[in-house]
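Novice: Prediction below, plus the sequence it came from.
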Amino acid sequence: MAQSIADRRDVDFVLHEQLEVAKLSEHEKFAEFNRKTMDLIVKEARNLAIKEILPTREIGDKEGTRFDSGKVTVPEAFHKVYDLFKEGEWVAMTEDPEWGGQGMPRSLALAAGDYFNGANYALMMYPGLTHGAGKLVEAFGTDQQKTLFLKKMYTGEWTGTMLLTEPEAGSDVGALTTSAVKNDDGTYSITGNKIFISAGEHDMAENIVHPVLARIEDAPEGTKGISLFLVPKFRVSDDGSLGEFNDVVCTGIEEKMGIHGNSTCSLSLGGKGGCVGTLLGEENKGMRAMFLMMNEARLLVGLQGFACATASYLNAVNYARERVQGKNLASFMDKNAPAVPIIQHPDVRRQLLTMKAYVEGMRSLLYYVAYCDDVVDTTDDENIKEKYHGLVEVLIPIAKGYVTDRAYDVCNMGMQVYGGYGYIKEYPQEQLVRDCRITMIYEGTNGIQAMDLLGRKLGMNEGRPVMDLMGEIQNIIAQAGEKAETKELGGKLEEALNKLGEVAMHMGTMAMSPKALDAFALAYPFMEVTGDVVMGWMLLWRAVIAARKMDNGAKKKDITFYAGQMKSAEFFIHNILPVTLGRMNAILAGNDAVNTISEDAFGGK
Amino acid sequence: MEILVCVKRVPDTAENEIEVNSDGTDIERDDLVYSVNEWDNYAVEEAIQIKDNVGGSVTVVSVGDEESEEVVRREMAMGADNGILLSDDAFEGSDGKGVASLLKAAVEKGKYDLILTGAQADDGAAQVGGMLAAMLDLPYASLVNKIEMIDDQKIKVGREIEGGNQEMNEIDLPCVLSIQTGINEPRYVGIRGIRKVASVEIPVHGAGDLGVAADSVGDAGAKVKRLDYFMPELGEGAEMLEGSTEEIVEKLIELLKAKGGLK
């Protein structure tokens, strides 16, 4: 039977052949996660994802969430699956076992997440946000806050959210107006309205814990005056029991293009003066807390988008193998030639190979970023720690901004391969396009990711992380040079890498000059070309391993897989990277029309 | 209640395209994905539920190569207390009777009140459970879809019989039961369970440990030999309908009407 969601062999390849994650078990922190245990975890994640979660994807889309007088209900089918997910203790895979986590390496958790999110990421957002909110409690909570909330969250008994956005404070968080007034007992009375709150209200848990960004009276303007509060839907007594309703009222849910299974809520806090929260961390340090959580949240969004792409790709390739339509072009003149599966048509193959290359490159990148965090967690060498932390920093805008863009492209192609059937709801492809689309917007729009890359990451630590990234890419190019099969590919990637170095210098200089606005007009193309080179790196890395393995005598089915790896790298480096070179030339030429066009000249007035 | 459950590692039919190999002696096994046999998984779930109700322990045993350890470990992650792997080069190529005699030896090394097998295996012949009972001279019920505890001497078992009818039997302990799917809803394996068994050593028993003569099992002892494996040729009178689900349904209705099946 054809596989769905994620190619099993490919997941294993990245974990065990590319990143060799089982070596992490040599460190005390991950000692129990040997190869066998890892394999069992990935297998059981896949089992649960395919048998239970995947069937709820379409149900979630068609039934959606329902709002009625302040209450939100999720599709009935979600309840059972969420319970199974909780029972399997998949909510906090990487967290401290003391608080109900499972202490897994992040790279391994990402592989499990690959299946879960690919199965139904709208559903997975409930535990995903719970995990993120729990992290805030773990990092900044007092002992009492942790005792009251953390275990309930990490085990999924209570869910969590993140209350950030307000009608007039979206990308500009500093503009928020939700207020906090200190009470005599040290708690705060919270008043304000929040919108776009994913999982803000639903009927799968008895309590929902909201970390809320708000402004204490007389706090400084902008982001410097924002504090973080812990605001539960129902108050929690000192003994852990649930108390009265905390005046967090859901006033409506959004009708969205996709992720219908996840409730996107408007919440009114303290409308009747009865919403009480406790400070999480220090006063006016709320944004700092956000930044600490940002990398993980953005990697998760990258994974969500990617998960749609990998699912769409496997659907498309399986469909193309079965869908018989048209003759093979080579026998076009033969009246009696039979119709063939569309996978034989060159343009379908072009789309499939494009999808394959991006899916593989993106999978490697996302797992690699998680793996870098694992290295940080398991090394005592400060230099290595700093290096891998820097790699995470510089790769996060790529893993979110670039990956979700390409993931959407892949979903689009996945719809195209199906032809007209791709556009109708009987088939899964159009839902994946719709679900994927939001990942380019939330958790910092992809434009903001590009600005982050240019404005914060490029010059970070005097450019050290970018230099380290280029060093890692160069390292794979050097390995590629040692083998005839990969030498040419390595040479071409090197050409692109050198040019990227030139572009990065140029952009860095421009961003610091009076032409800073022109630099930011080019931030997006800069993120895209950087992402392309990173894809080339990941695919070449895969090809280097594949070539080596084939030399050492691989099993029959492995040979097909490795040959497929060589083709992905070959296709990407020969067909996509030359376009990247052209785009880099355009960046270097630096046309400034974006900034010199007058606002009136945009027309439409 | 001490319960032994016999489990088998089989190619997962939900995950593989099963193909016959070129010389027709076996299926293509290169890079197949294996799982625990579905029926056995129900048997393990049933055993865990019985243990949870009346106490005791659950042991899983598997006859197979060293790779079979993964299914024993998996069933332990699910909640079985102990695992045993029966593995020896001499066991390779065992027929049903060979496998049953190995299991018999394993049963005799312990003390079990209840022995469960799956009703059949995806790649098997539904023969081991019955043979094992006969060899042990124990009472046996097949296709069991209900188990009720009476006391520590006997239990009540339900069997699914022809036409969807149900039969109930009282059976003395110890006994052997072969378990039908649907008797329960097997639980999923969670991370905690996996972590719990991550470093558990699973004992491996070979021919010597079991006191079984090497030439009485495996290829050497097999009295049933597989001669050939092939896909039967397509017969006459069958028509494969192709197209989308709707197209197929439409054609099917047309055909049913044309042939008088639908009026």
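Specialist: Yep, that arrived.
Novice: Excluding chain neighbours, what is closest to B:K111?
Specialist: B:E2 (6.1 Å; Cβ to Cβ, 6 or more residues apart in numbering or on different chains). C-beta here means a position set from N, CA and C on the backbone, and glycine is covered the same way.
Novice: Need the phi and psi values for that neighbour.
Specialist: phi -90, psi 120 (degrees, to the nearest 10).
Novice: can you tell me how far it sits from B:G206?
Specialist: 24 Å (Cβ to Cβ, to the nearest Å).
Novice: In the stretch 151-263 of chain B, what residue spans correspond to strands?
Specialist: For the stretch 151-263 of chain B, the strands defined by DSSP state E, counting those that start in this stretch cover B:154-161, B:165-172, B:175-179, B:204-205.
Novice: Show residues contacting the second one.
Specialist: Outside of strand B:165-172, the residues within contact range by Cβ atoms under 8 Å, 6 or more residues apart in numbering or on different chains are B:139, B:141, B:145-146, B:150, B:153-161, B:177.
Novice: Are any of the residues you listed buried, and if so which?
Specialist: The neighbour count (16 or more other Cβ atoms under 10 Å in any protein chain shown) marks B:139, B:141, B:145-146, B:155, B:157-160, B:177 as buried among the contacts of strand B:165-172.
Novice: For B:V58, which three-state class applies?
Specialist: strand (DSSP: H, G, I helix; E, B strand; the rest coil).
Novice: residues touching it, list them.
Specialist: So B:V58 contacts B:3, B:5, B:44, B:47-48, B:51, B:79-82 (Cβ under 8 Å, 6+ apart).
Novice: and what of A:S171?
Specialist: A:444-445, A:448 are the contacts of A:S171 under Cβ under 8 Å, 6+ apart.
Novice: thinking again about what came up before, please name whichever of the strands of the stretch 151-263 of chain B is nearest to A:E17.
Specialist: strand B:204-205 (28.2 Å; Cβ to Cβ).
Novice: In terms of secondary structure, what does that closest one contact?
Specialist: Applying 3 or more Cβ pairs under 8 Å, 6 or more residues apart in numbering or on different chains; DSSP states H and E, we find strand B:204-205 packed against strand B:82-86.
Novice: same for the strand it packs on, what does it pack against?
Specialist: strand B:57-63, helix B:69-78, helix B:96-108, strand B:204-205.
Novice: could you dump those to CSV with mean pLDDT and distance to A:E52?
Specialist: Listed next are the helices and strands packed on strand B:82-86 as CSV, based on pLDDT from 0 to 100; distance: least, Cβ to Cβ, whole Å:
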stretch, mean pLDDT, distance to A:E52
strand B:57-63, 98, 23
helix B:69-78, 96, 15
helix B:96-108, 96, 32
strand B:204-205, 97, 33
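Novice: Nearest to chain B, out of the contacts of A:S171: which one, please.
Specialist: Nearest to chain B among the contacts of A:S171 is A:G444, at 30.3 Å by Cβ to the nearest Cβ.
Novice: Let me see the backbone angles for that closest one.
Specialist: Torsion angles, degrees, to the nearest 10, at A:G444: phi 90, psi 110.
Novice: ok, it - contacts?
Specialist: A:171, A:294, A:298, A:400, A:452.
Novice: at 7 Å instead, please
Specialist: Neighbouring residues of A:G444 by Cβ atoms under 7 Å, 6 or more residues apart in numbering or on different chains: A:R298.
Novice: Get me the contact residues on the stretch 101-250 of chain B for chain A.
Specialist: Counting by Cβ under 7 Å from any Cβ of the partner chain, the stretch 101-250 of chain B comes close to chain A at B:188-192, B:194-195, B:198-199.
Novice: For the residue of the stretch 251-400 of chain A at minimum distance from chain B, list each beta-bridge partner.
Specialist: Relative to chain B, the nearest point of the stretch 251-400 of chain A is A:V324 (7.9 Å; Cβ to the nearest Cβ). For A:V324, the beta-bridge partners are A:P341 (DSSP bridges).
Novice: average model confidence for stretch B:225-241?
Specialist: If you average the pLDDT over stretch B:225-241, you get 81.
Novice: And the contacts of stretch B:242-249?
Specialist: For stretch B:242-249, using Cβ under 7 Å, 6+ apart, the contacting residues are B:L241.
Novice: Kindly report the same for stretch A:247-257.
Specialist: By Cβ under 7 Å, 6+ apart, stretch A:247-257 touches A:65, A:67, A:70, A:72, A:200-201, A:210, A:231, A:233, A:263-272, A:274-275, A:434, A:437.
Novice: In strands only, show me the residues you listed.
Specialist: A:67, A:72, A:210, A:231, A:264-269 (DSSP state E).
Novice: if we can go back for a sec, wait, which of the buried ones among the contacts of strand B:165-172 is closest to chain A?
Specialist: Distances from chain A to the buried ones among the contacts of strand B:165-172, taken by Cβ to the nearest Cβ, are shortest for B:N145, at 21.1 Å.
Novice: Are we agreed that that closest one is in a helix?
Specialist: No - applying three-state DSSP, one finds B:N145 to be strand, outside a helix.
Novice: quick one, what contacts it?
Specialist: Contacts of B:N145 by Cβ under 7 Å, 6+ apart are B:158-160, B:180, B:182-183.
Novice: again with B:A198
Specialist: A:32, A:34, A:37.
Novice: pLDDT value on the last one, please?
Specialist: Read it as A:T37. The per-residue pLDDT of A:T37 was computed as 95.
Novice: I'd assumed B:I194 was in contact with it.
Specialist: Yes - when contacts are counted by Cβ atoms under 7 Å, A:T37 is listed as touching B:I194 (6.0 Å).
Novice: of the two, who's got more company?
Specialist: B:I194 (28 against 23; other Cβ atoms under 10 Å in any protein chain shown).
Novice: Quick check: pLDDT value at that one.
Specialist: Value for B:I194, per-residue pLDDT: 95.
Novice: And the contacts of strand B:165-172, which is closest to A:I259?
Specialist: B:N145 (40.6 Å).
Novice: where's that closest one relative to A:A320, distance?
Specialist: Applying Cβ to Cβ to B:N145 and A:A320 gives a distance of 42 Å.
Novice: any residues touching stretch A:540-553, and which ones?
Specialist: By Cβ under 7 Å, 6+ apart, stretch A:540-553 touches A:17-18, A:360, A:364, A:476, A:479-480, A:483, A:485-486, A:489-490, A:493, A:558-559, A:562, A:565-566, A:568-569, A:573.
Novice: cool, stretch B:221-229 as well?
Specialist: B:20, B:24-27, B:93-98, B:215.
Novice: Just the buried residues of it, please?
Specialist: For stretch B:221-229, by 16+ other Cβ under 10 Å, it's B:221-222.
Novice: could you flag which of the contacts of stretch A:247-257 are buried?
Specialist: By 16+ other Cβ under 10 Å, the contacts of stretch A:247-257 give A:65, A:67, A:72, A:200-201, A:210, A:231, A:233, A:263-270, A:274-275, A:434, A:437 as buried.
Novice: What's the per-residue pLDDT of residue 129 here?
Specialist: The chain I'm using is chain A. 96.
Novice: looking at chain B here, not the other one
Specialist: 96.
Novice: Who are the packing partners of the helix or strand that it is a member of?
Specialist: Secondary-structure assignment from DSSP states H and E places B:G129 in helix B:128-136. Other helices and strands packing on helix B:128-136, by 3 or more Cβ pairs under 7 Å, 6 or more residues apart in numbering or on different chains; DSSP states H and E, are helix B:96-108, strand B:114-118, strand B:140-149, strand B:175-179.
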